[in-house]
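In: with the input below, show me the fold.
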Amino acid sequence: MCEPSDVGEIDGRGIRVVVLVEGESDRNALLALAERRGLDLAAAGVAVEPVGGAQAMGRALERFGPGGAGLGVAALYDAGEEGAVARCLERAGLGAAALGRADMERLGFFACDEDLEAELIRALGVRGVEQVVAAQGELRSFRVLQRQPAQREVPVERQLRRFLGTHRGRKIRYGRLLVEALDLDSVPRPLDRVLARACSAAA
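Out: All right, here's what the predicted structure looks like:
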């Protein structure tokens, strides 16, 4: 499980806003988007921290939020974890009970529908993702997965999500690659919004 950076380390870098993400693949995707938009996050006072899953969000909020280092916080989370993240926000003093998605977005917390990989696959389309996979020399491996009995009746989008998660490190690598292949007018909304929110809050 990934652990958040030490608060002192964050403070020592002149960071004013921390974007919490579930894992390294989400971090790579967000950093790649910042680079493509010509943003220097460190210079802007923004750090991106993988917390090791939505269930660890509460601990990160305690360390970085108003009850800890007093930094601004924003986050990406998977839609299936919305209830858990809402409870973490409430415990951290950042929201009232029964927060809805619109309330959480006002606090800078944005849901990915199902997860960021699914958002990126929808944004690029099956053909676009397969082109990225082919450029990595892995299209044959994907075709092998598609022929597996358990995968034959599964939609291609789900096959791609499965493929990205089958080998250690593959999802982390593709987080950046898929963002680099995107048309910047087609960036998934939660990824785009959390970056804009973090930079605005740090300004």
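In: domain ranges for the chain, per the record?
Out: Listed by automatic domain parsing, the domain ranges of the chain are 7-115+187-202, 116-185.
In: out of these, which is the most enclosed?
Out: A comparison of these by mean neighbour count, using mean count of other CB atoms under 10 Å, puts domain 7-115+187-202 on top with a mean of 19. C-betas here are computed from N, CA, C, even on glycine.
In: average pLDDT across that domain?
Out: Throughout domain 7-115+187-202, pLDDT has a mean value of 90.
In: mind saving the C-alpha coords of the longest strand along the chain as PDB?
Out: Longest strand in the chain, counting residues (DSSP state E): strand 72-78. Provided in PDB are the C-alpha atoms of strand 72-78 (Å, rounded to 0.1, in the frame of the first residue of the first chain):
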ATOM      1  CA  GLY A  72      -5.700  22.800   0.600                       C
ATOM      2  CA  VAL A  73      -6.800  19.400  -0.500                       C
ATOM      3  CA  ALA A  74      -8.400  18.100  -3.600                       C
ATOM      4  CA  ALA A  75      -8.900  14.500  -4.800                       C
ATOM      5  CA  LEU A  76      -9.800  12.000  -7.500                       C
ATOM      6  CA  TYR A  77     -11.700   8.900  -6.300                       C
ATOM      7  CA  ASP A  78     -13.500   5.900  -7.900                       C
END
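In: the inter-axis angle of the helix or strand harbouring Arg127 versus strand 72-78?
Out: When elements are assigned from DSSP states H and E, Arg127 belongs to helix 116-135. Between helix 116-135 and strand 72-78, the angle comes out at 70 degrees (axes from the mean of the first three to the mean of the last three CA atoms, to 10 degrees).
In: after helix 116-135, which helix or strand is next?
Out: Per DSSP H and E, the first helix or strand lying C-terminal to helix 116-135 is helix 139-146.
In: packing partners of the next helix or strand after that following helix?
Out: Remark: after helix 139-146, the chain's next helix or strand is helix 156-166, criterion DSSP H and E. Other helices and strands packing on helix 156-166, by 3 or more CB pairs under 8 Å, 6 or more residues apart in numbering; DSSP states H and E, are helix 116-135, helix 139-146, helix 170-181.
In: the inter-axis angle of helix 156-166 versus helix 139-146?
Out: Using the same axes, to 10 degrees: helix 156-166 against helix 139-146 is 110 degrees.
In: hmm, back to that, what comes into contact with the helix holding Arg127?
Out: 25-26, 29, 76, 78, 112-113, 139, 142, 156-157, 160-161, 163-165, 171, 174-175, 177-179, 181-182, 186-191 (CB atoms under 8 Å, 6 or more residues apart in numbering).
In: same check, this time on stretch 74-85
Out: 17-22, 26, 30, 53-55, 57, 101, 104, 108-116, 190-191, 194, 197-198, 201.
In: now do the end-to-end distance for it.
Out: Taking CA to CA, to the nearest Å as the measure, stretch 74-85 stretches 12 Å from start to finish.
In: same list (the helices and strands packed on helix 156-166) but as CSV, adding distance to Val48.
Out: Listed next are the helices and strands packed on helix 156-166 as CSV, based on distance: least, CB to CB, whole Å:
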stretch, distance to Val48
helix 116-135, 13
helix 139-146, 28
helix 170-181, 11
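In: and Cys88, which of those helices is closest to it?
Out: If you check each of the helices and strands packed on helix 156-166 against Cys88 by CB to CB, helix 116-135 wins as the nearest, at 18.6 Å.
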